[in-house]
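Asker: build me a structure from this.
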Amino acid sequence: MFERSIFTERHDVLRDDIRSFLRREIAPRHDGWVAARETPRCFWSKAGAAGLLCRTVPERYGGAGGDFLESVVITEELAHHRISGLLTCLQSDIVAPFILRLGNDAQKAALLPGMCCGDTLGAIALTEPQGGSAIAAIETRATDKDASLILNGTKTHISNGSVADVIIVAARSDKGAIGNQPGLSLILVETGRPGVHRRRIEKAGMPALDTGEIVFENCIVPRDNLLGAQGMGFMYLMTFLGIERLVLAIYAQACCERLLHDLIADCDAKRAPEGSLLEFQNTRFCLADLHADCAVNRAYLDACIIAAGNGNSDPKRACIAKLRTTETLRKIAALGVQFRGASGISGASGAQAMQDLLDASVQSVWGGASEILRDVIGRSLTSGL
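Answerer: This is a model prediction of the structure:
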């Protein structure tokens, strides 16, 4: 929809390969996954074999040793094809980087190869029932006992939470905090351990994407499972959340462009006595505003992508990008129902339009709800004065 100059010919070749795989293996099956409320585990392995997982992980750990733009290509193609059940960026660009950058040699050797090929699924557990996305309000606790940590607490609405093999758990720590920051630790927890209880959460938006609640009840984990230094989790999370929000913004922007393209085409095809819906000035004005929003968001987001690829990720700019793209997506999805009239609420077209609206609502909540992002942005405004 918009001319871009950030990709090379190599990225274009990768995009063609990913597009072919998705059209052949995933897109024809995805509606069935949505109806069944689950994505078959075997397709994670298929995605790994096709090169969709952990592109930036070094080859010695089973990755492609690629650049961040390769991950961007994959995330955009997933969104363009409306794939939400097999959301590989959650594994590749949100979970795996924690292990790659904070893990010791043994942890990386044990976990990354399986994550790259799709045999091992990962998740990160931050959100809790009482605190939502507020990291400072985390109550799950990791208590020191000899050479172990004992985990107690509840995490909820965790993507891949009920199917993951290993979960990065953020928990309050007995020691290690610096200054006024909460003393949090990140702990690798294998889900087969005693004391880990999980259940799947049914949801209307993105129903094929697994979401779970995890209860830790006196779960004993070796101290060797600490990811990074004890008590430094808050600092780690503040660093990595910027990348997570950027990745979610990339997915949302690509969704915006796909939905807007389809909506314009449907408005052009929908006939009224006066002509197509595009003959009405109100329709053109609304679509023009959305197109302008998408154009501005695209330019801003691509600048963030370039900076991140150069190692200069900015958490505040990532917040702005996610806020802008997800709020624009909700507007497009809502008009996708309204402008299609009866076809927006009935039949196959109505089912798709309503699912788009529900999925867009999920995107404005996960990774930090829009209200939290506004607060983060607002609190930062005086820092440069």
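Asker: shouldn't Ile214 be within a helix?
Answerer: No: counting by DSSP: H, G, I helix; E, B strand; the rest coil, Ile214 is not found in a helix; it is strand.
Asker: next, the contact list for it, please.
Answerer: Contacts for Ile214 (Cβ atoms under 8 Å, 6 or more residues apart in numbering) come out as Ala125, Thr154, Lys155, Thr156, Ile158, Gly161, Ser162, Ile167, Val196, His197, Arg198. Quick note: C-beta positions are derived from backbone N, CA and C, even for glycine.
Asker: just say helix, strand or coil for the second one.
Answerer: To tie it back to what came earlier, the one meant is Thr154. With three-state DSSP as the basis, Thr154 sits in strand.
Asker: neighbours of it, how many?
Answerer: Neighbour count of Thr154, defined by other Cβ atoms under 10 Å: 17.
Asker: helix or strand right after the longest helix along the chain?
Answerer: In the chain, taking DSSP state H as the definition, the longest helix is helix 233-269. Tracing the chain past helix 233-269, the next element assigned as helix or strand by DSSP states H and E is strand 271-272.
Asker: helices and strands around that following strand, which ones?
Answerer: With contacts defined as 3 or more Cβ pairs under 8 Å, 6 or more residues apart in numbering; DSSP states H and E, strand 271-272 has no helix or strand neighbours.
Asker: quick one: least confident helix or strand in the protein?
Answerer: strand 271-272 (a mean of 76; mean pLDDT, DSSP states H and E).
Asker: list of residues touching it?
Answerer: The contact list for strand 271-272 (Cβ under 8 Å, 6+ apart) reads Glu279, Phe280.
Asker: how far away from the center of its chain is that strand?
Answerer: How far strand 271-272 lies from its chain's middle: 39 Å, per Cα atoms, centre = their mean, to the nearest Å.
Asker: after it comes which helix or strand?
Answerer: strand 275-276.
Asker: same for the helix or strand just after that next one, what does it pack against?
Answerer: Following strand 275-276 in sequence order, the next helix or strand is helix 281-309 (DSSP H and E). If you count contacts as 3+ Cβ pairs under 8 Å, 6+ apart, helix 281-309 packs onto helix 68-80, helix 233-269, helix 315-338.
Asker: pull out the buried residues from the longest one.
Answerer: Neighbour-count burial for helix 233-269, with 16 or more other Cβ atoms under 10 Å as criterion, is recorded at 233-237, 240-260, 262-264, 266-267.
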